[in-house]
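Participant: coordinates for the following, if possible.
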Amino acid sequence: MAKLPKRIDRECLKKFLDSFDNVLTDCDGVLWAGDMIIGQAHEALNKLRALGKKVFYVTNNSTKSREEYVEKCRGLGFVAEKEDIISSSFVTAQYLSQLKFNKKVYVIGTSGITKELDEVGISYTGAEPDPLVENPVFRLKDTIQLDPDVAAVVVGFDGHFSFPKIMKAASYLENKDCLFIGTNTDERFPLGKGGLVFPGTGCLVKAVETVAERPPIIMGKPSGLMFTVISTKNNLEPSRTLMIGDRCNTDILFGKNCGLITLVVLSGVTEMEHLEAWAASEDEEQHKLLADYYLPEIGDILTLINENYN
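Facilitator: As a prediction, the model looks like this:
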């Protein structure tokens, strides 16, 4: 049986706090659920800043630009600057910029992606509703026109995902020199409301991947590309960096892949039953989903710090 994550308590608190200088934290399911803050998450993050820790908000969500994330963070009581926001859309734009990409991107996604592309001067098409209006659907082959300047397809979250968008993306990807990028592979969003499942970007990426018959390059967690962008810009030492997340197959696996200290909170998609099942499994791949530490929610660290340092 693999070792379960250790719950942070007063006995290990000092050792834990002394082990890192930098904090990377997921957002949905850790800090907030939708537009509702989770417990005392804002006070906990601000307390870690007060203790001298550098805090970054690291999210696979591609629907907002960094400016929009700063606005949301501040509105919920978190201290945040644009440079503190590392989103999958930001990493996507940085990746293309580093490749000196100078053609056009077909975007399945929202302004969260296009605003980041604007910042690095990359042109794009497709980021608007494209509903199915042809009847029957097979008439699309006579009406769809492809842009010859497109040399990359980016798939992020898109509430207007449609058959025409899948068809266009896959058609561009018939050219094997066309880049195929997925912002992330999250299966679902933490909705915070019982009985409803909110599909994540992963199902959209998988749909395009299936018909294109080729895998995408993934920008978000657990891909190491996200940490490469963060560490290059901020000179972070992996062994002195803490990753906080609620989703073990992205957040915690990301931390493990990059050599970070990991903390899972049970306020999002992961439950204690999941941790126990992975620990009991003989599958070593499931053992990689086990964090170093856990807490019911990130706000619990605030209570521990206040009890022991005030």
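
Participant: the helix or strand encompassing residue 262 pairs with which strands?
Facilitator: Using DSSP states H and E, residue 262 falls within strand 261-265. In the sheet, strand 261-265 lines up against strand 241-245 (parallel), strand 293-295 (parallel) (DSSP bridges).

Participant: off-centre distance for that strand?
Facilitator: Taking the mean of its C-alpha atoms, strand 261-265 sits 15 Å from the chain's own mean (CA atoms, centre = their mean, to the nearest Å).

Participant: then stretch 124-139?
Facilitator: That offset, for stretch 124-139, works out to 28 Å (CA atoms, centre = their mean).

Participant: okay if I get the strands paired with strand 261-265 as JSON lines plus mean neighbour count and mean pLDDT?
Facilitator: Where C-beta positions appear, they are placed from N, C-alpha and C, glycine not excepted. Output for the strands paired with strand 261-265, formatted as JSON lines (neighbours: other CB atoms under 10 Å; pLDDT from 0 to 100):
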{"stretch": "strand 241-245", "mean neighbour count": "28", "mean pLDDT": "98"}
{"stretch": "strand 293-295", "mean neighbour count": "20", "mean pLDDT": "98"}
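
Participant: so which of those strands is nearest residue 142?
Facilitator: Of all these, it is strand 241-245 that lies closest to residue 142, at 46.7 Å by CB to CB.

Participant: now tell me what touches that closest one from outside.
Facilitator: Contact partners of strand 241-245, identified using CB atoms under 8 Å, 6 or more residues apart in numbering, comprise 19-26, 29-30, 58, 221, 251-252, 254-255, 258, 260-265, 268, 291, 298.

Participant: the lowest-mean-pLDDT helix or strand in the chain pairs with which strands, parallel or anti?
Facilitator: The helix or strand of the chain with the lowest confidence, counting by mean pLDDT, DSSP states H and E, is strand 188-189 at a mean of 77. Sheet partners assigned to strand 188-189 using DSSP bridges are listed as strand 198-199 (antiparallel).

Participant: pLDDT on the strand it pairs with, on average?
Facilitator: The predicted model gives strand 198-199 an average pLDDT of 89.

Participant: and the next element down the chain from that strand?
Facilitator: Heading C-terminal from strand 198-199, the first helix or strand you meet, by DSSP H and E, is helix 201-212.

Participant: what comes up buried for that next one?
Facilitator: If you call a residue buried by 16 or more other CB atoms under 10 Å, then helix 201-212 has these buried ones: 201-202, 204-205, 207-209, 212.

Participant: over to stretch 256-264?
Facilitator: Going by neighbour count (16+ other CB under 10 Å), the buried part of stretch 256-264 is 256-258, 260-264.

Participant: same check on stretch 11-19?
Facilitator: Within stretch 11-19, the residues scored as buried using 16+ other CB under 10 Å are 13, 16-17.

Participant: what of stretch 170-185?
Facilitator: 170-173, 178-185.

Participant: what's the closest of these to residue 50?
Facilitator: Closest to residue 50 out of the buried residues of stretch 170-185 is residue 184 (31.0 Å), distances taken as CB to CB.

Participant: how about residue 92, phi and psi?
Facilitator: Dihedral pair for residue 92: phi -60, psi -50, per degrees, to the nearest 10.

Participant: do I have it right that it meets residue 217?
Facilitator: No. If you go by CB atoms under 8 Å, residue 92 and residue 217 don't touch, sitting 9.4 Å apart.

Participant: compare the two and say which is more crowded by neighbours.
Facilitator: Comparing residue 92 with residue 217 by neighbour count (other CB atoms under 10 Å), the higher total belongs to residue 92, at 32 against 14.
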